[in-house]
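Enquirer: for reference, the sequence and a predicted model appear below.
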Amino acid sequence: MSSDAKKNMPLTEALVFDIVEYLLNNTGYGYSNEISFFIVDKKPKRYTSREVVGILRNRPMFKHAKVSERKGGIRWRLDVNSLERYLFQKGFEKKAEARGFYEMIKQLKADQIGKSKLILEKEAEMDTNELYEALSKVWA
């Protein structure tokens, strides 16, 4: 094994991976407070809540989900297309594969497509606004 392969990921990138894992395990969405609590509780000596929120704001794969409710801070969604580009650009494909991200991404996409199909099957029962609202809840 080469020395590059043995190298650990920088702490910032490890935090990104932990946040991605949380979001993938929660249908691609999460509120700031929930994400921060999970990460800080999981690794209390490594990360602070401010660092978690800073990563959410400054990485291309974390987007604001457009919702009016704010039960736990801002709602974030995982943009899987941006995540895949990010992993490629950083050269973290093997690390992502080792953590099962690609399978989780595939499952998330399949779930969202399946939910969309179910909504579209009920299209005749809904007016345009209801249909749009139902679809936006899946993809917002």
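Expert: On my side now, so go ahead.

Enquirer: hmm, Asn25 is touching Met104, no?
Expert: Yes - Asn25 lies in contact with Met104 (Cβ atoms under 8 Å); the separation is 7.5 Å. Glycine gets a C-beta too; all of them are placed from N, C-alpha and C.

Enquirer: show me the helices in the chain, by range?
Expert: Secondary structure of the chain (DSSP state H): helices at 3-6, 11-24, 32-42, 49-58, 80-90, 93-98, 101-121, 128-139.

Enquirer: buried ones in the last one?
Expert: Residues 131, 134-135, 138 are the ones in helix 128-139 that count as buried (16 or more other Cβ atoms under 10 Å).

Enquirer: so where's the protein shaky on pLDDT?
Expert: Residue ranges of the chain with pLDDT under 70: 1-7, 67-70, 140.

Enquirer: any idea which residue sits dead centre in it?
Expert: In the chain, the residue lying closest to the centroid (Cα atoms, centre = their mean) is Leu78, at 2.9 Å.

Enquirer: of all the buried residues of helix 128-139, which comes closest to Glu13?
Expert: Nearest to Glu13 among the buried residues of helix 128-139, counting by Cβ to Cβ, is Val138 at 29.4 Å.

Enquirer: compute the distance between that closest one and Ser116, please.
Expert: Noted for Val138: a distance of 6 Å to Ser116, by Cβ to Cβ, to the nearest Å.

Enquirer: one more: Ala134?
Expert: 9 Å.

Enquirer: cool, and Tyr132?
Expert: According to Cβ to Cβ, Tyr132 and Ser116 sit 12 Å apart.
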